Structure formats: structure tokens, C-alpha cells
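K.L.:
Have a look; sequence and predicted model below, questions after that.
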Amino acid sequence: MISSSRHNCYGGTCRLLGLRAARRQFEVAFVDQNDPIAIEAAFERIPALVLIETPSNPLMRVVDISEIARRAKTVGAEVAVDNTFLSPALQQPITLGADFVIHSTTKYLNGHSDVIGGAVVAAKEKDAEDQQRVDYDDSERFSPAGRGGSEESDDLPCRRSTEWDGGRRSMMITDQHHVPPQITVPCSDFRDK
Ligand SMILES: Cc1ncc(COP(=O)(O)O)c(C=O)c1O
């Protein structure tokens, strides 16, 4: 498996992958996915799965999902994207070539701090069925209230666009006052919008 580099990947994900790899359940290479040489070297090991976290926590680094997905297909690797930060309101990885999308539903998807949970979305029917089987056998499941709380996302686009506006306004203020930007912006076209 190729994952984002250790300092550029949610700590819990990084620790979980490291632990499982130490138990020899799989091998994992933590790679700066914006470093073409490092990622090419990792692809030469023919990974089964590439895990992308974009934007990343904590550094808000962005990687090109389409480009990595294109390269992954050439070696038969599947691509999973942790989309917790942008949420489906702002980024839809399956349309960019991902096979799986992962969400911490605790965060933006729920948005009301009253649910703890996660979700895996599969692009292919077969993967979704496999995932369902794993869920039935091995996982904790949402309570009906937790499921409702995570699906109750009618206000998601509104919450996200308000946050986006706030970020954009902060950026304009730092520009006007010539403050050295201390804000990490997860989209390169942010200033143009
Ligand atoms: C990118 C990302 N993925 C996963 C998680 C894990 O979420 P949870 O706290 O719901 O387990 C977090 C938490 O901050 C995160 O930032």
C-alpha cells in the first residue's frame, strides 16, 4: 500500500497502518505523493492500494487525485481517498477515478457534533457488497439515531459555502493589509474565486 507521508497524514490513520504493517498484515510505504520520484519508486513495488488524503491533516497539502488514479490503474492498484476535509459538497473523488472514498462522518458530514462514525463509499457494486459483508460480520454499526444524524446533511452545502466565504474573506484581508499569509489554503485557485 502507498499512503501519504507520515507527517502529512491523519495521525490515527498513520498509526493504524504502521501497526498493521508491523503485524505483517501488509506492507505500507509512506510517500510524499507530490514527489514524482518518490511516488514512482513506490509504484514500482506494484501496490494493491493507494491511500490519498487530500487535503491532508494537518498540513492541508493537496494532491492530484486524477493523476494518481491514472498511474495506479497502470499497475492494477485501487485508489482510496480520505475525503473527510472537503466532504462531498466540495470534492467527489469517484468522479476523479477513485475506487473508494472514506469519510469521518463525525466531522463535516454530520456537522452537529452529535455523531461519531465513519463511512466507506465504493465505486463498484461488487466492492460495496464485499464491504457490506465485512460490516455485518466485523464492524460496529451506527445506531438508527447515528445513521440519521450522518445522513441528515441537507445543510452541508450551506455550511461549506459559508466556511469557504469566510476563508476567502480572511485571505482578502491578509492581502489588503500585506500580512504575510499564515493561512494554508487547500485549493490553488482559491484567490481567483
Ligand atoms: C482526514 C481525517 N481522516 C480521518 C479522521 C478520523 O476521524 P474520527 O475522529 O471520526 O475517527 C480525521 C480526524 O481528524 C481526519 O482529519
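P.N.:
Great, that's in hand.

K.L.:
excluding its backbone neighbours, what's nearest residue 10?
P.N.:
Nearest residue to residue 10, sequence neighbours excluded (Cβ to Cβ, 6 or more residues apart in numbering): residue 57, at 4.6 Å. Yep, even glycine has a C-beta here, placed from its N, CA and C like the rest.

K.L.:
Give me the distance between the one you found and residue 66.
P.N.:
According to Cβ to Cβ, to the nearest Å, residue 57 and residue 66 sit 21 Å apart.

K.L.:
what do you get for residue 21?
P.N.:
27 Å.

K.L.:
wait, what's in contact with residue 8?
P.N.:
32, 53, 56, 59, 61 (Cβ atoms under 8 Å, 6 or more residues apart in numbering).

K.L.:
Which of those has the largest number of neighbours?
P.N.:
Each of the contacts of residue 8 was scored for neighbours by other Cβ atoms under 10 Å, and residue 53 scores highest at 24 neighbours.

K.L.:
Looks like that residue contacts residue 5 (just checking).
P.N.:
No: in this structure, residue 53 is not within contact of residue 5 by Cβ atoms under 8 Å, at 10.1 Å.

K.L.:
and stretch 8-18, anywhere near the ligand?
P.N.:
Yes: residues of stretch 8-18 contacting the ligand under Cβ under 6 Å from any ligand atom: 10, 12.

K.L.:
what are the phi and psi angles of residue 173?
P.N.:
Dihedral pair for residue 173: phi -60, psi -40, per degrees, to the nearest 10.

K.L.:
which residue sits closest to it, ignoring its sequence neighbours?
P.N.:
residue 179 is the one closest to residue 173 (Cβ to Cβ, 6+ apart), at 7.6 Å.
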